[in-house]
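K.L.:
Need a 3D model of the sequence below.
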Amino acid sequence: MDAVHAQGIWIAESLQLSTTAYEQTWLFASHMGDPKAAFLLMFPLTYFFNRRTGVAVVWVAAITEWLNLVFKWILFGERPYWWMKESRLFEKNPPQLQQFPSTCETGPGSPSGHVMVTAAVWWVMVSSLASSIHSRTGSKLAAAVPYLFYSLVLVAVGLSRIFILAHFPHQVIGGLLAGKTHHHAREHIQN
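P.N.:
Now for the predicted structure:
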């Protein structure tokens, strides 16, 4: 696992060095991907426009956040900042990494809760919006636009978590897969 973690550190360094100009964008994306945003921002906003979707958002957020905690208890997962210090693999060749206030998050890191909750909650909102657009316009192309936006949000949140050293890349991918699996399971149960 040390090789996967070490590669993740080098990926984070490369991301930080190549996208320094977008630091504020990454910090904003990480903030918007916080599971608290699902409850404090996405739920009320969605509920205002569509009560049924709003209720679904709050339930999906709560269940996904709970599942994320269960997965973290089982999988544990190191955090990049702490692992890098404890591993001592970088004493001779330390990476050029910048720290942020959220860099030093404590607790298990796998899977990324920011990405997992964002993937599940935003899917509820986006699929509802796409369905509404399709029923009003009849255009599959117009209905695809929310899904494109969904993909961009997930990429931004995932990269932001790597950029600030809160997660390794494999933890972000794990959060994405767990969040998408959760919303697919919910859809299957509803049908």
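K.L.:
The protein: helices as residue ranges?
P.N.:
Assigned by DSSP state H, the helices in the chain fall at 2-18, 23-33, 35-37, 43-49, 51-75, 80-87, 113-137, 140-163, 169-190.
K.L.:
what stretches of the chain score poorly on pLDDT?
P.N.:
Low-confidence segments of the chain (pLDDT under 70): 182-191.
K.L.:
wait, what's in contact with F43?
P.N.:
G54, V57, V58, A61 (CB atoms under 8 Å, 6 or more residues apart in numbering). Where you see a C-beta, it was placed from the backbone N, CA and C, and this is true even at glycine.
K.L.:
Kindly reformat those residues as TSV containing neighbour count.
P.N.:
Shown next, in TSV, are the contacts of F43 (neighbours: other CB atoms under 10 Å):
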residue	neighbour count
G54	20
V57	26
V58	18
A61	22
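K.L.:
which one of those residues sits closest to E13?
P.N.:
Using CB to CB, A61 comes nearest to E13 of the contacts of F43, at 32.6 Å.
K.L.:
That closest one contacts V121, doesn't it?
P.N.:
Yes. Using CB atoms under 8 Å, A61 is in contact with V121, at 5.1 Å.
K.L.:
Report the set of residues contacting both of the two.
P.N.:
Overlap of the contact sets of A61 and V121 (by CB under 8 Å, 6+ apart) consists of A38, M42.
K.L.:
Of all the helices of the chain, which one is nearest T106?
P.N.:
Closest among the helices of the chain, once you apply CB to CB, is helix 80-87, at 7.7 Å.
K.L.:
For the residue nearest to the spatial centre of the chain, which non-adjacent residue is closest in space?
P.N.:
Among the residues of the chain, the one closest to the centroid is V115, at 1.4 Å (CA atoms, centre = their mean). Closest residue to V115 apart from its sequence neighbours, by CB to CB, 6 or more residues apart in numbering: G175 at 3.4 Å.
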